[in-house]
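Engineer: Curious how this folds, go ahead:
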Amino acid sequence: MEKNAQKYGVKVLHQFHSGLEHTFLWVVEADNAHSIEDLMARTAGRFNTIKIVPLVTFQGVIERCKQIEEGTFFSDAAK
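Structural biologist: Modelled structure (predicted):
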């Protein structure tokens with residue numbers, strides 16, 4: 001899987017499994033969700049349901065909220 005992930009520009013950070021939920025949870029990093037989708041469509045996603053959820057760290061949320069409060073978040077996004 002690591003070789004395939006590299007091919008699609010995806011870095012696998014963590015892999016978890018819940019036997020009770022019959023669920024696998026992978027934490028990956030990529031430039032965009034399309035790279036992850038391509039990887040999964042050609043590997044594990046062929047036989048399973050895939051859900052891609054973009055995440056931000058809690059610290060990242062706090063920093064964005066501060067920028068919004070200061071009025072700088074949207075001005076930075078327009079650049």
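
Engineer: use CA for all of it now, contacts and neighbours both
Structural biologist: OK.

Engineer: Any stretches of the chain with poor pLDDT?
Structural biologist: Along the chain, segments meeting pLDDT under 70 span 76-79.

Engineer: ranges for the strands of it?
Structural biologist: Assigned by DSSP state E, the strands in the chain fall at 11-18, 23-29.

Engineer: Mean neighbour count, these: which tops it?
Structural biologist: Of all the strands of the chain, strand 23-29 carries the top mean neighbour count, a mean of 14, counting by mean count of other CA atoms under 10 Å.

Engineer: and that strand, what other elements does it pack with?
Structural biologist: strand 11-18 (3 or more CA pairs under 8 Å, 6 or more residues apart in numbering; DSSP states H and E).

Engineer: helices and strands around the strand it packs on, which ones?
Structural biologist: By 3+ CA pairs under 8 Å, 6+ apart, strand 11-18 packs against helix 2-7, strand 23-29.

Engineer: Contacts for that strand next, please.
Structural biologist: Glu2, Ala5, Thr23, Phe24, Leu25, Trp26, Val27, Val28, Glu29, Ala30 (CA atoms under 8 Å, 6 or more residues apart in numbering).

Engineer: Sounds good, over and out.
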